[in-house]
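In: With the sequence up front, the predicted model follows.
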Amino acid sequence: GQQVMQIPQYQHVQEGEDFTTYCNSSTTLSNIQWYKQRPGGHPVFLIQLVKSGEVKKQKRLTFQFGEAKKNSSLHITATQTTDVGTYFCAGPKNFGNEKLTFGTGTRLTIIP
Amino acid sequence: GAVVSQHPSWVICKSGTSVKIECRSLDFQATTMFWYRQFPKQSLMLMATSNEGSKATYEQGVEKDKFLINHASLTLSTLTVTSAHPEDSSFYICSATPLSGRAVSYNEQFFGPGTRLTVL
């Protein structure tokens, strides 16, 4: 079945440093979504990427969708303590399917 | 944004009892609701997809007789964990996709706050 892996599993960074998490799918995706889950909280939608090679920015966050539409990345510039949490990518189980397969997640910890 | 609530937020029960968890979309109608399970420090695992007025579809390996899902209206889905055992202890999260107009993308999911189930 479809697998969506993320690396690294954990990342500890000093406040102000950059952070990147990588997402790789075993299958080609029609789109990819990113969610953030704060400790003790629930996932919150961040963004969706649809086009091959697409890059989108949200303030200090930069999201990229690979040319082959099988991988994606999330880069945070100059991390802040509010960035703490687990970042998940998620892709449709099948083309046009509402069901999502969530990636394994990257847990970000910020050292003040 | 679209708001999804879950009740209860946490529950502790004895082994062998059944527990019902409610998921409500508060300010929108949901075509579909999803039920996930999340173990500590792990990802979300989709358990089942719930559509109003029809039977839920379960993911491979999820026992439909153990995890009963009822989707009575466009704003309410319930998950009942029957004859719960300690291994069922987990964080159960529901999500919903709006009928129209509330989502950035067609399959953006709005998540409830989750229900932490502990079975003694």
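Out: That came in fine, so what should we check first?
In: where does A:Thr82 fall, helix, sheet strand or coil?
Out: What DSSP: H, G, I helix; E, B strand; the rest coil gives for A:Thr82 is helix.
In: Please report how far it lies from chain B.
Out: Per CB to the nearest CB, to the nearest Å, A:Thr82 is found 18 Å from chain B. The C-beta positions use only the backbone N, C-alpha and C, and glycine is treated the same way.
In: which bits of chain A sit near chain B?
Out: For chain A, the contact set with chain B under CB under 8 Å from any CB of the partner chain comprises A:1, A:31, A:33, A:41-45, A:47-48, A:50, A:88, A:92, A:97-105, A:107.
In: Selecting buried members of these in ChimeraX, what would you type?
Out: Selection of buried members from the residues of chain A next to chain B for ChimeraX, criterion 16 or more other CB atoms under 10 Å in any protein chain shown:
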select /A:31,33,42,43,45,47,48,88,92,98,99,100,101,102,103,104,105,107
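In: What about the residues of chain A next to chain B, which are in strands?
Out: Counted as lying in strands by DSSP state E, out of these, are A:33, A:43-45, A:47-48, A:88, A:92, A:100-102, A:107.
In: And the residues you listed, which two are furthest apart?
Out: A:Pro92 and A:Arg107 (24.1 Å; CB to CB).
In: Just grab the bridge partners of residue 48 for me.
Out: I'll assume chain A. A:Gln33 (DSSP bridges).
In: that's the wrong chain, I wanted chain B
Out: For B:Ala48, the beta-bridge assignment (DSSP bridges) gives partners B:Trp35, B:Tyr58.
In: For A:Thr109, see how far away it is.
Out: Distance, B:Ala48 to A:Thr109, using CB to CB, to the nearest Å: 33 Å.
In: So for the two, which sits in the more crowded spot?
Out: B:Ala48 (22 against 15; other CB atoms under 10 Å in any protein chain shown).
In: Model confidence score at that one, please.
Out: Listed pLDDT for B:Ala48 reads 95.
In: Equivalent analysis for A:Gly85, please.
Out: So, for A:Gly85, pLDDT stands at 97.
In: circling back: any chance of JSON lines for the ones in strands among the residues of chain A next to chain B, columns distance to B:Lys64?
Out: Formatted as JSON lines, those follow (distance: CB to CB, whole Å):
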{"residue": "A:Gln33", "distance to B:Lys64": "27"}
{"residue": "A:Pro43", "distance to B:Lys64": "24"}
{"residue": "A:Val44", "distance to B:Lys64": "29"}
{"residue": "A:Phe45", "distance to B:Lys64": "28"}
{"residue": "A:Ile47", "distance to B:Lys64": "34"}
{"residue": "A:Gln48", "distance to B:Lys64": "30"}
{"residue": "A:Phe88", "distance to B:Lys64": "26"}
{"residue": "A:Pro92", "distance to B:Lys64": "23"}
{"residue": "A:Leu100", "distance to B:Lys64": "20"}
{"residue": "A:Thr101", "distance to B:Lys64": "20"}
{"residue": "A:Phe102", "distance to B:Lys64": "21"}
{"residue": "A:Arg107", "distance to B:Lys64": "32"}
